[in-house]
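>>> Prediction below, plus the sequence it came from.
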4 protein chains.
Amino acid sequence: MIKVSVIGATGYAGAELLSILYRHPQVNVVHITSESHTGEKISELYPHFNSLYENELESLKDIEAIGADSDFVFIALPHGHAMDVALKLKELPTRIIDLGADFRFGDTSIYEKWYKVEHIYKDAARVYGLAEIYREEIRTAKIIGNAGCFTTASILALAPLAKHHLIDVNSIIVDAASGVSGAGRGLKLGNHFPELYDNFKAYNVAHHRHTPEIEQAIEDLSGMKTIINFTPHLVPMSRGILATCYANLKSDISAEMIEPAFQKMYGNEKFIRILGNGAYPETKFVRGSNYCDIAWHIDERTQRVIVLSAIDNLVKGAAGQAVQNLNIAAGFEEDTALDFVPIYP
Amino acid sequence: MIKVSVIGATGYAGAELLSILYRHPQVNVVHITSESHTGEKISELYPHFNSLYENELESLKDIEAIGADSDFVFIALPHGHAMDVALKLKELPTRIIDLGADFRFGDTSIYEKWYKVEHIYKDAARVYGLAEIYREEIRTAKIIGNAGCFTTASILALAPLAKHHLIDVNSIIVDAASGVSGAGRGLKLGNHFPELYDNFKAYNVAHHRHTPEIEQAIEDLSGMKTIINFTPHLVPMSRGILATCYANLKSDISAEMIEPAFQKMYGNEKFIRILGNGAYPETKFVRGSNYCDIAWHIDERTQRVIVLSAIDNLVKGAAGQAVQNLNIAAGFEEDTALDFVPIYP
Amino acid sequence: MIKVSVIGATGYAGAELLSILYRHPQVNVVHITSESHTGEKISELYPHFNSLYENELESLKDIEAIGADSDFVFIALPHGHAMDVALKLKELPTRIIDLGADFRFGDTSIYEKWYKVEHIYKDAARVYGLAEIYREEIRTAKIIGNAGCFTTASILALAPLAKHHLIDVNSIIVDAASGVSGAGRGLKLGNHFPELYDNFKAYNVAHHRHTPEIEQAIEDLSGMKTIINFTPHLVPMSRGILATCYANLKSDISAEMIEPAFQKMYGNEKFIRILGNGAYPETKFVRGSNYCDIAWHIDERTQRVIVLSAIDNLVKGAAGQAVQNLNIAAGFEEDTALDFVPIYP
Amino acid sequence: MIKVSVIGATGYAGAELLSILYRHPQVNVVHITSESHTGEKISELYPHFNSLYENELESLKDIEAIGADSDFVFIALPHGHAMDVALKLKELPTRIIDLGADFRFGDTSIYEKWYKVEHIYKDAARVYGLAEIYREEIRTAKIIGNAGCFTTASILALAPLAKHHLIDVNSIIVDAASGVSGAGRGLKLGNHFPELYDNFKAYNVAHHRHTPEIEQAIEDLSGMKTIINFTPHLVPMSRGILATCYANLKSDISAEMIEPAFQKMYGNEKFIRILGNGAYPETKFVRGSNYCDIAWHIDERTQRVIVLSAIDNLVKGAAGQAVQNLNIAAGFEEDTALDFVPIYP
């Protein structure tokens, strides 16, 4: 049994993390924090936790003590705050899994440019927390920068094509759509029920912060400088991300070369289900699970490949991935507590 | 490890059963049947099962052999078919948990009247499968008639009041609402997406077949002949039932006598969460879980009590309850494989 | 052409009013007010009005001038504010249609008790704005207290039965459900999209303020002191109300006496569609229209009648009804600008 | 007053057409046909039409008589049937507006290739029914091939850029999403409520039949042979299409040249609302109306323009556009009966 704490538990990702950890047989959740609700119980904020969690929410002010009492600390705070927490835990053996963006970038100047905030812990020893690609580095990392939701779906869809040089990486366009839980629990008019119900829209066109995160991974895999388009949309549903990824096939690439690339990279991956050529992932087929379902289509007319991938944004796109990273880092079976069957219908 | 089979696995309740059993550590699913899809894999019908179930769907024609190879058989067929299956397994030690209505009634003439079908196995040794009320009988039953979805929510809401004679049972009105999965996977215009989306309606007013099932339990608990109104509504959502139950308080009953009745009956129940006086269960707080959340309100002006209860119709209202019954009947811990945290949001 | 103004146009009812008035051939909208957005255009708050309304939002501070410039003033403010506006317009010939609750009650002590606010204009000459019942009084009224949304559906469902003494009025239970626009545009966690989506719940059990409004009308129609139960529910949809109304039939009343009561009262009503015995109104069949669809069911077992009625809460339940009242009061054809075909699917 | 008939009125587009025509002051609907429901009333199939349409559905067998009795005939049949109807009306002065695909293509070999059916009326005098581009030809056309839903949104988004040679037309990728009414009223598992609710998916990738229709218009406008990618998605909502259109800006094109192109082409168009650079159309802002809202974004990093457009698929994408075409062809005011304010929320 190890001891873990959740810093910032009252957002949707934090709550999902508590849901998963509740069933983890090798984990004790010892501290849960919330600045806005210190002293309350999590079940007062999330009645679905009634009878499950009796912990009182603590304050982040005691982070050093919390850290000293924890083998792992999950951070589910808005970006910009995890750097501060990590600095305070620098000297402790405590390891950190950050669900935000602070530790996702190798080059912190990219982070500073897109997130408009100064990075105060530039030399942190960290790894990008996308297990299927960076598993070995995750095993021993002090700080794991858990991959973002859109980025997880997008990178997993494109990684085999980029790695095996099957596509022109600068032709990549990722057109993705997410359920509303991805926008968090904070109130705003655009997510007020009557405004969003029976509605569909794009947002942050050409400026979404997941863009450079995708580019970083594609560059790392392909060895090529990469600039892409990423466009998110909001779907009137609670959970789920579908990424529709377009890329021009290189001139000498034939359709038959696609499948082996996916099989080679993901053939033994527990959480990736390769649906194959011509298939259609649906967000509901992975809802509530840690799966990423992937399929692709070849358009012979335009010589483009269209890769489709689906995840649950709160599981494989956030809390599930974080626990997967924990399992790897702690030396547990990678799917411990992640054996969810997707909830359907 | 025991061996179980699922007869009729392609409806929503059957599929949910497979989801739950997948994680049951003491159960092997040995046979899965479907008459309409014999020879196919369940994952071809339900792609969310990809990589989870590789079994080929068998035919019911071999039910005796299937029965002989199974310790327990779950039946998730439309009403009228389980009687036939049970007759064929009569001489075997195999025990049966029927998710349909065939074995829910002590008096089969009530079944015949409401279901318009002759009962061909009237003397079957059976018990009503609502664990919180009939747990002892379930332990040793040959046949368990798993309680219906609306009825589970309604009976659990009213049972303490009926048992302790706090209400006039003939004043009971149950006004309930269900997500659409309760109507099954069969196609019909009323459940075609554009027809139901952004829509709300009642159906089967004064004639729904769950009415006599509720009456039977209330009579059993109160010792009083009971005739009630039950009105179901359809909510444009996938899962969940909320029952709003009205009853006149007996003249000498005060508000303070309600809570002890609930505590006495459910205080130690793992799957019932008593939210208490003045609270509001929501279907989302129990979604994907085996919980039944219950609260009540007293209207001093009309001397009525209004009890609210929420369940997931496919879990506590069907497959979860069936596994709970299995656990009791097989002597397992009652919550084995049912430790789901509700999925939220 | 008459001149009308809309006081408090930025809520959903106010916006719906502007939608309807836009197409009214005998009405000029001369002033639109908003305290929170004075100086802005309505299309900045509601982009669906782009290119339709260019008016700048004014302040309520100039209400006397606005009143003097208007034949009719619609008030779509939260309760408690219309009294003040009406007092300021007392000496003007301007007539008032209030969409809130301030002028709905004949006995202001009931208003004060349920709304927890002192009534400052108790002797206002006013009429309850439910055209099908109070049409004659509306023609000449100075102040029209437009009926509430749940109350419109409930009263129209029960009025013929109460008026013709077919039911025991004190046995009435109204169990109703509304789309979320009924809760307004103000942000709160319960109406945040991910919280409400795929969810269903009751609220304000035994305490909803529409209760005494229904009671007042039933008393007026039946001549009997009336105390009822009214329970609202929230449906994850934008628009629509369905009321399921239960009442005990008087002992000498037979099923055949129901239909004539409805026909006599509503046979010539343009906006009431009598679907008849055994039928099922659906909220989608009236969406975007001023119709109220009504059907009923007789339960011979319990001697209860169950009446179902459906309206669009923002149209017949608010803005449409207000324009219907305007048409009556101004001497226009009653359905002017209200000839919407329900939008389906 | 002119006489019009609707051939095939029981699909969603046909029903929407009846909704719009009901309020058209210069149109009498004289015949409505349905092969599957001949002899019934439309309100039996669509109860929202109760009290509005009393016509009995006729059979297509008498199409010549129906045609002779009509100034205009709307055809809302599945593709492949309108050719046959049109041939039978060839010698009559009756004019035809086909909501299907039979008369959308100048080159019928494209139709035959994508729709897998032989075209039997290749020399029909016809025009593509997208009023903002082909208005003059529509005025006098015998047969109008009403533009498709996805194509209307896509072509209107891209037309100014293609016409003014601002983009490389072969770099166009249209990623679009539609509400489920676009898939029609026919039952299929994929559109069964529980399957689609809280779900999102792509379909017909690289093979959707609206692809060549978009290509034809872009070629016509740009004078360049055009091959594009078009990917449709299904959104769990009833109505609405959002098209997200990507194209590479030509090397000498600057961001400032975009707006004038849109203004020049659409500045005087009643049904196109130019939201401008950096704005976000939402499907709900146009729901129930004939508007197409358009905005665009420039990505300086990738030198791509992303154009967003939103329509109601059943109005501007089908029935509203058909009535707009009727108004032009019959010499009425173009917006007659199309003055809907979008229904919001």
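Yep, it's here.

>>> quick one, helices of the stretch 201-345 of chain A?
Ranges of helices in the stretch 201-345 of chain A, per DSSP state H, counting those that start in this stretch, are A:210-222, A:258-266, A:320-330.

>>> One more: the stretch 1-150 of chain A?
Counting by DSSP H, counting those that start in this stretch, the helices of the stretch 1-150 of chain A are A:12-22, A:42-45, A:63-68, A:82-88, A:108-115, A:131-140, A:149-163.

>>> Most tightly packed of the ones you listed?
By mean neighbour count, with neighbours taken as mean count of other Cβ atoms under 10 Å in any protein chain shown, helix A:149-163 ranks first of those at a mean of 28. Where C-beta positions appear, they are placed from N, C-alpha and C, glycine not excepted.

>>> Could you look up the next helix or strand downstream of that one?
strand A:173-178 (DSSP states H and E).

>>> Averaged pLDDT, that next one. What do you get?
Across strand A:173-178, pLDDT averages out at 98.

>>> What pairs with it, parallel or antiparallel?
Using DSSP bridges, strand A:173-178 pairs in its sheet with strand A:229-234 (parallel), strand A:241-248 (antiparallel).

>>> Make JSON lines out of the ones you listed and add mean neighbour count.
Below are the strands paired with strand A:173-178 laid out as JSON lines (neighbours: other Cβ atoms under 10 Å in any protein chain shown):
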{"stretch": "strand A:229-234", "mean neighbour count": "24"}
{"stretch": "strand A:241-248", "mean neighbour count": "26"}
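
>>> In TSV: those, plus mean pLDDT.
Rendered in TSV, the data for the strands paired with strand A:173-178 read as follows (pLDDT from 0 to 100):
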stretch	mean pLDDT
strand A:229-234	98
strand A:241-248	98
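
>>> and those as TSV, adding distance to residue A:313?
TSV is the format used below for these (distance: least, Cβ to Cβ, whole Å):
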stretch	distance to residue A:313
strand A:229-234	11
strand A:241-248	5
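
>>> got the residues of the stretch 101-250 of chain A near chain B?
Within the stretch 101-250 of chain A, the positions adjacent to chain B are A:181, A:197-198, A:238-239 by Cβ under 8 Å from any Cβ of the partner chain.

>>> For those, pick the one with the most neighbours.
Using other Cβ atoms under 10 Å in any protein chain shown as the neighbour criterion, residue A:239 leads these with 32 neighbours.

>>> hang on, that one packs against residue A:316?
No - contact criterion Cβ atoms under 8 Å: residue A:239 and residue A:316 do not qualify, at 10.9 Å.

>>> OK, contacts around residue A:299?
A:305-306, D:205-206, D:229 (Cβ atoms under 8 Å, 6 or more residues apart in numbering or on different chains).

>>> again, only using 10 Å
Shown in contact with residue A:299 (Cβ atoms under 10 Å, 6 or more residues apart in numbering or on different chains): A:246, A:249, A:255, A:305-306, D:205-207, D:211, D:227-231.

>>> Which of those are buried? Put it as a ChimeraX command.
To isolate the buried members of the contacts of residue A:299 in ChimeraX, using 16 or more other Cβ atoms under 10 Å in any protein chain shown:
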select /A:246,249,305,306 /D:205,206,211,227,228,229,230,231
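
>>> Tabulate the contacts of residue A:299 in TSV, adding columns for distance to residue A:290.
TSV is the format used below for those (distance: Cβ to Cβ, whole Å):
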residue	distance to residue A:290
A:246	26
A:249	30
A:255	30
A:305	26
A:306	24
D:205	25
D:206	30
D:207	32
D:211	35
D:227	39
D:228	36
D:229	31
D:230	32
D:231	27
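
>>> rewinding a little: show me whatever sits in contact with both of residue A:239 and residue A:316.
Taking Cβ under 10 Å, 6+ apart as the criterion, residue A:239 and residue A:316 both touch residue A:286.

>>> for the stretch 51-200 of chain A, what are the low-confidence residue spans?
For the stretch 51-200 of chain A, not a single residue meets the criterion pLDDT under 70.

>>> near chain C, which residues of it show up?
For the stretch 51-200 of chain A, the contact set with chain C under Cβ under 10 Å from any Cβ of the partner chain comprises A:179-199.

>>> Please report phi then psi for the nearest residue to residue A:101 once chain neighbours are set aside.
If the residues on either side of it in the chain are set aside, residue A:101 comes closest to residue A:79, at 4.4 Å by Cβ to Cβ, 6 or more residues apart in numbering or on different chains. The phi and psi torsions at residue A:79 (degrees, to the nearest 10) take the values phi -60, psi 150.

>>> Can you tell me how far residue A:79 is from residue D:88?
Per Cβ to Cβ, to the nearest Å, residue A:79 is found 66 Å from residue D:88.

>>> burial count for residue A:273?
When counting by other Cβ under 10 Å, one arrives at 25 neighbours for residue A:273.

>>> In contact with it, which residues?
By Cβ under 10 Å, 6+ apart, residue A:273 lies in contact with A:266, A:279, A:281, A:285-286, A:289, A:291-295, A:310, B:43, B:47-48, B:50-52.

>>> Now, of the residues you listed, which are buried?
With burial judged by 16+ other Cβ under 10 Å, the buried subset of the contacts of residue A:273 is A:266, A:279, A:281, A:285-286, A:289, A:291-295, A:310, B:43, B:47-48, B:50, B:52.
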